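*Asks:* When you get a sec, could you give me coordinates for this:
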Amino acid sequence: MCGNDHDHGGGRGSGPERARHGATGVRVRSTATLQSVAQHVVTSDEVRRSAAGFIGYGDTQRGDKVLVAVPRITDPDVLDAVVAGLHGVGARVDVIVMDDEPDRPFEARDEITMMMRREPYHVNLRRGDRAPWIEELAAARGYDLLIHGAAGPVPSSASRYEAFPWTTKEHFLGEANLFPRALHKIINEHTWGRITQNIGGRIRLTDPEGTDLTTTILEYPFHDGRHDYGLKPKWGHLMAHAPTPVGPDDDTTGVIAGTMSHYGRAFPRITLDIEGAKAAQITGGGEYGAAWRELDEETAGVQYPCFPAPGLFWLWELAIGTNPKIRRPSNIEQISSDGFEWERRRAGVIHCGLGTRWRSTEEDWAGDQGILYGHLHVHLLFPTLIVEAPDGSTVPVIEHGRLSAYDDPEVRDCAAQFGDPDELLRNDWEPSIPGINAAGSYDDYQEDPGKWIYGRTA
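*Replies:* So this is what the prediction gives:
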């Protein structure tokens, strides 16, 4: 059973959304317009998520006051389309365009300059973050809906608060935004259930670029109230490792390896040796790896309140993307593409994060004292994640970058309500890596992956 969009929370805009899903199917790249996608988003249910496919402003009613705040790098045509869509349901809309740097090519250390801070986050916002002064303005002026921020958890507040993650037309017009919400939901539920139904079991995570990691699925993090984690899925961002705090009983051990982060250029292969959830050694990575080692040395003696021993780079994020229609942006070399951060939403891709959790109490603590905080990433593009259940059986979650839930009869039955299950339950884009799924040598690729990636979109 697919269920319905009301299962997500929110709800005044559900009926029209379901009707459009049936009409558009999955081939939307050739037919979607800015106006049609905006209408879809404006009438989709609100679930306070920033993941493509789960973004909606559907509780908006005639006469509502809406504040939209975006960075200046946002394509003005995308912004205008969303505003027009909100006007179409009778809302009154104010827009703030926040200053940021102009578009340019990514540089080697951009992941660090965009993710790491030593002052309170509101003093120098990180890329995609939400400005406290915007939130305060929305509350003080009585806006019914605030649309702001591109990534990370949407803060809790008394008012409605939704994301705006699109900086380019390519982001906005992509099939991912129109992927049937009910189908996306059941994919999340069936993927997440493979983990939550095997608490006490073991996860083994591998990837052909060199990752080989194991961890126990601990029970108490599901029940102790930590942010954005529990027995229900975190839509579009399923956590195969619990977020901070990291406990002394965390036995995550092995190696993480890859050539991409969220925001920087692709880098020579980096390897992170993980012992008890901590990065014990950082090897390779070119300029990115060298900068990461500098930060690791700087924080080696700092005892953060969220970690069981000194040091900053503890693993807490093993986040699984769930949308099969995400594609790598064609302008991937430019910061307006949002880089590899956008593609990590694709179903079956995992991004590994080490450091403090975004806008957490530990980051407040560090920022107030001028101590380095933030977290850095390595992406796994062809991961295999297997759960070794407590009863000794094995449960596949991801197999070479493909969600195993695609094969569940309930998921396929749901997909059939919207079109061809084989088309809907297919990752429309895969990266091309020599020695993994393309001709050539991985050894050559890993020395300078940028030579292979930039200029390619598939």
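
*Asks:* Bridged to the residue nearest to Leu238 when sequence neighbours are not counted, which residues?
*Replies:* With sequence-adjacent residues excluded and distances taken as C-beta to C-beta, 6 or more residues apart in numbering, Leu238 is closest to Ile320, at 4.2 Å. C-beta: built from backbone N, CA, C; applies to glycine. Legend: beta-bridge partners of Ile320 under DSSP bridges are Leu238, Ile350.

*Asks:* What ranges does the stretch 101-250 of the chain have for its strands?
*Replies:* Secondary structure of the stretch 101-250 of the chain (DSSP state E, counting those that start in this stretch): strands at 145-148, 160-162, 202-206, 212-216, 238-239.

*Asks:* Deepest-packed of the ones you listed, please.
*Replies:* When neighbours are counted by mean count of other C-beta atoms under 10 Å, the highest per-stretch mean among the strands of the stretch 101-250 of the chain falls to strand 145-148, a mean of 24.

*Asks:* Paired strands for that strand, with orientation please.
*Replies:* As assigned by DSSP bridges, strand 145-148 forms pairs with strand 65-71 (parallel), strand 160-162 (parallel).

*Asks:* Return the set of buried residues in the host helix or strand of Val41.
*Replies:* The secondary structure element spanning Val41 is helix 34-42 (assigned by DSSP states H and E). Buried positions in helix 34-42, judged by neighbour count with 16 or more other C-beta atoms under 10 Å: Leu34, Ser36, Val37, Ala38, Gln39, His40, Val41, Val42.

*Asks:* before we move on, back to that, turn the strands paired with strand 145-148 into CSV, columns for distance to His171 and mean pLDDT.
*Replies:* What follows is the strands paired with strand 145-148, written out as CSV (distance: least, C-beta to C-beta, whole Å; pLDDT from 0 to 100):
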stretch, distance to His171, mean pLDDT
strand 65-71, 12, 97
strand 160-162, 16, 96
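
*Asks:* Glu189 is nearest to which of those strands?
*Replies:* Each of the strands paired with strand 145-148 was checked against Glu189 via C-beta to C-beta, and the shortest separation belongs to strand 160-162, namely 21.8 Å.

*Asks:* Need the residues that contact the closest one.
*Replies:* Contacts to strand 160-162, defined as C-beta atoms under 8 Å, 6 or more residues apart in numbering, come from residues 46, 48, 55-57, 59, 135, 144-148, 154-155.

*Asks:* if we go to 7 Å?
*Replies:* Glu46, Arg48, Ile55, Tyr57, Asp59, Asp144, Leu145, Leu146, Ile147, Val154, Pro155 (C-beta atoms under 7 Å, 6 or more residues apart in numbering).

*Asks:* How is the fifth one assigned, secondary-structure-wise?
*Replies:* It refers to Asp59. Going by DSSP: H, G, I helix; E, B strand; the rest coil, the secondary structure assigned to Asp59 is coil.

*Asks:* Not counting its neighbours along the chain, what's nearest the residue of the chain most remote from its centre?
*Replies:* With distances taken from the mean C-alpha point of the chain and given as C-alpha atoms, centre = their mean, the most distant residue is Gly63, at 32.7 Å. Here the nearest residue to Gly63 in space, its sequence neighbours aside, is Gly90; by C-beta to C-beta, 6+ apart that works out to 6.3 Å.

*Asks:* what pLDDT does that neighbour get?
*Replies:* Looking at Gly90, its pLDDT reads 98.

*Asks:* what do you get for the one 4 residues further on?
*Replies:* Each residue has a pLDDT score; the one for Asp94 is 98.

*Asks:* part of a strand, is it?
*Replies:* Yes - counting by three-state DSSP, Asp94 is located in a strand.

*Asks:* Compute the distance between it and Ala138, please.
*Replies:* Asp94 sits 10 Å away from Ala138, taking C-beta to C-beta, to the nearest Å as the criterion.

*Asks:* Find residues that contact each of the two.
*Replies:* Among the neighbours of Asp94, those also in contact with Ala138 (C-beta under 7 Å, 6+ apart) are Leu67.

*Asks:* Those two: who's more crowded?
*Replies:* Neighbour comparison, Asp94 and Ala138: the larger count goes to Ala138, with 25 against 14 (by other C-beta atoms under 10 Å).

*Asks:* Return the longest helix along the chain as CSV; C-alpha atoms alone will do.
*Replies:* Across the chain, the longest stretch assigned as helix under DSSP state H is helix 181-196. Extracted as CSV, the C-alpha positions of helix 181-196 are listed here (Å, rounded to 0.1, in the frame of the first residue of the first chain):
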residue,chain,number,x,y,z
ARG,A,181,5.7,11.5,-2.6
ALA,A,182,3.8,8.4,-1.5
LEU,A,183,6.3,6.1,-3.4
HIS,A,184,9.3,8.1,-2.0
LYS,A,185,7.8,7.6,1.5
ILE,A,186,7.5,3.8,1.2
ILE,A,187,11.0,3.6,-0.2
ASN,A,188,12.2,5.4,2.9
GLU,A,189,10.2,3.2,5.2
HIS,A,190,11.3,-0.1,3.7
THR,A,191,15.0,1.0,3.6
TRP,A,192,14.9,2.3,7.2
GLY,A,193,13.0,-0.8,8.4
ARG,A,194,16.0,-3.0,7.4
ILE,A,195,18.0,-1.2,10.1
THR,A,196,15.4,-0.6,12.8
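
*Asks:* Can you tell me which helices and strands it packs against?
*Replies:* Applying 3 or more C-beta pairs under 7 Å, 6 or more residues apart in numbering; DSSP states H and E, one finds that helix 181-196 contacts strand 238-239, strand 394-399, helix 409-416.

*Asks:* Out of these, flag the one nearest Glu219.
*Replies:* The closest of the helices and strands packed on helix 181-196 to Glu219 is strand 238-239. By C-beta to C-beta, the value is 14.6 Å.

*Asks:* any residues touching that closest one, and which ones?
*Replies:* Asn188, Thr191, Trp192, Tyr229, Glu317, Leu318, Ala319, Ile320, Thr322.

*Asks:* that older thread, how much space separates the residue nearest to Gly63 from Leu145?
*Replies:* 13 Å.

*Asks:* show me where the stretch 51-200 of the chain has helices.
*Replies:* Counting by DSSP state H, counting those that start in this stretch, the stretch 51-200 of the chain has these helices, from start to end: 76-88, 110-115, 132-140, 169-173, 181-196.

*Asks:* Please work out which of these is packed deepest.
*Replies:* Buried most deeply of the helices of the stretch 51-200 of the chain, by mean count of other C-beta under 10 Å, is helix 181-196, with a mean of 23.

*Asks:* Between strand 202-206 and that one, find me the angle.
*Replies:* Interaxial angle of helix 181-196 relative to strand 202-206 (axes from the mean of the first three to the mean of the last three C-alpha atoms, to 10 degrees): 110 degrees.

*Asks:* avg pLDDT for helix 181-196?
*Replies:* Averaged across helix 181-196, the pLDDT comes to 98.

*Asks:* Counting by contacts, list what the strand or helix carrying Leu385 packs against.
*Replies:* For Leu385, the enclosing helix or strand under DSSP H and E is strand 384-388. Packing contacts for strand 384-388, counted by 3+ C-beta pairs under 7 Å, 6+ apart, involve strand 202-206, strand 394-399.
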